[in-house]
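Q: Below are the sequence and a predicted model for it; my questions follow.
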Amino acid sequence: MQELINQILKEAEDQRKASVQFSLNDLIDRLEQLPQDMLILLGDADSYRGYYSDLSFEPLYDAYARTVKDALYEVENAHGKTFTGYKGGDFTMDGDTPVWYSHYGDTGSAIIGISDEGEILLQHVGTLPNIVC
């Protein structure tokens, strides 16, 4: 039974990795391209509530914006790090790990890009329109 569950989870992860959703490597690459002193609303990393094997970054409010340099440090440190899932289990993140934008314990939106102005581009799962934060 566990083997079947693992196969279903693996297929779902492969589908997410093949989508327009950013991976951890995509996020690192994009942050490296931006001015390092620009402010961005990308907070701390944690296991994503929707798929514990995925990574989520906490949305920040304007008053708590951090520099791209600080955000990049957080993102790079998530690579190879093991996080505990919302209801348990340990999950090690790698460069192919899909990334999300959500508060701890909530499902959120897939990160699909970052604009030249530092706006985080999102796609709600199951919807077509993209939104900007």
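A: Arrived safely, thanks for sending.

Q: where does this protein have low pLDDT?
A: 5, 9, 12-19, 126-133 (pLDDT under 70).

Q: show me the contacts for the residue nearest the centre of it.
A: When C-alpha atoms, centre = their mean is applied to the chain, the residue found nearest the centroid is residue 99 (2.1 Å). For residue 99, the contact set (C-beta atoms under 8 Å, 6 or more residues apart in numbering) comprises 21-24, 26-27, 54-57, 110-111. Glycine gets a C-beta too; all of them are placed from N, C-alpha and C.

Q: same thing but at 10 Å, please
A: Residue 99 makes contact with 21-28, 42, 45, 48, 54-57, 75, 78, 93, 110-112, according to C-beta atoms under 10 Å, 6 or more residues apart in numbering.

Q: Please flag which of the residues you listed sit within helices.
A: 24-28, 75, 78 (DSSP state H).

Q: returning to that earlier point: give the partner strands of whichever helix or strand the residue nearest to the centre of the chain is part of in its sheet and their orientations.
A: Here residue 99, judged by DSSP states H and E, is contained in strand 99-101. As defined by DSSP bridges, the strand partners of strand 99-101 come to strand 55-59 (parallel), strand 109-114 (antiparallel).

Q: Out of these, flag the one nearest residue 11.
A: Counting by C-beta to C-beta, residue 11 lies closest to strand 109-114 out of those; the figure is 17.5 Å.

Q: Using PDB, write out every CA atom in that closest one.
A: Extracted in PDB, the C-alpha atoms of strand 109-114 (Å, rounded to 0.1, in the frame of the first residue of the first chain):
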ATOM      1  CA  SER A 109       0.100  30.000  -5.000                       C
ATOM      2  CA  ALA A 110       2.900  28.600  -7.200                       C
ATOM      3  CA  ILE A 111       5.700  31.000  -7.800                       C
ATOM      4  CA  ILE A 112       6.100  31.300 -11.600                       C
ATOM      5  CA  GLY A 113       8.500  34.300 -11.800                       C
ATOM      6  CA  ILE A 114       9.800  37.600 -10.400                       C
END
